[in-house]
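# sequence isn't available, so here's the structure alone:
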């Protein structure tokens, strides 16, 4: 099992950041490894989202995404778990978004177990090596959409 965590502060409100995180079909516009992402089913606050990602080769998988927003808009979350696919045996993760001085503190966590044999150090690298690039991509997305940096 491989785990990774990252926390960063984004120059937007929690609801604005939540809008970016839950706009799955637009992921290919700013996350280079995501080639396609679509919502295939919606039930209340839960969505089944199918991803096509390219990491050395192309993989497909589906996640069940549970989205929640506080009534006051000061905190939001997306919690996901593996449904099916050809890369993972299990996959759980989350975005926890809270307000911090007019900005968003976003905590990202992922816990993955691969369906094919991947040695522990390589599995850890696969889930954590791209985190800085991913967070940078979200900062750029905030700047592109809301004109704010920082």
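Great, that's in hand. Small disclaimer: the values here were computed from a predicted structure and weren't measured. Numbers count the residues shown, from 1 in each chain.
# sheet partners, orientation included, of the helix or strand residue 49 falls within?
Residue 49 is part of strand 46-55 when elements are defined by DSSP states H and E. Strand pairing for strand 46-55, determined by DSSP bridges: strand 34-43 (antiparallel), strand 57-69 (antiparallel).
# out of these, which gets nearest to residue 139?
Closest approach to residue 139 among these is made by strand 34-43 (16.7 Å; Cβ to Cβ). Placement of C-beta: from N, CA and C, glycine included.
# hang on, the earlier thing: deepest-packed of the strands paired with strand 46-55, please.
Sort the strands paired with strand 46-55 by mean neighbour count, taking mean count of other Cβ atoms under 10 Å, and strand 57-69 sits at the top with a mean of 16.
# got the contact list for that one?
15, 18, 22, 24, 35, 40, 45-53, 75-88, 91 (Cβ atoms under 8 Å, 6 or more residues apart in numbering).
# which secondary structure elements does whichever helix or strand comes after it contact?
Downstream of strand 57-69, the first helix or strand assigned by DSSP H and E is strand 75-85. Counting contacts by 3 or more Cβ pairs under 8 Å, 6 or more residues apart in numbering; DSSP states H and E, strand 75-85 packs against helix 14-21, strand 46-55, strand 57-69, strand 88-100.
# now tabulate those in TSV and tack on mean pLDDT and distance to residue 145.
TSV is the format used below for the helices and strands packed on strand 75-85 (pLDDT from 0 to 100; distance: least, Cβ to Cβ, whole Å):
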stretch	mean pLDDT	distance to residue 145
helix 14-21	97	7
strand 46-55	92	20
strand 57-69	92	18
strand 88-100	95	15
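# deepest-packed of these, please.
Stretch with highest mean neighbour count among these: helix 14-21 (a mean of 21; mean count of other Cβ under 10 Å).
# among the strands paired with strand 46-55, which is nearest residue 136?
Of all these, it is strand 34-43 that lies closest to residue 136, at 14.7 Å by Cβ to Cβ.
# any idea which helix is longest in the chain?
Ranked by number of residues, the top helix in the chain under DSSP state H is helix 131-146.
# same question for that one, mean pLDDT?
Mean pLDDT, helix 131-146: 93.
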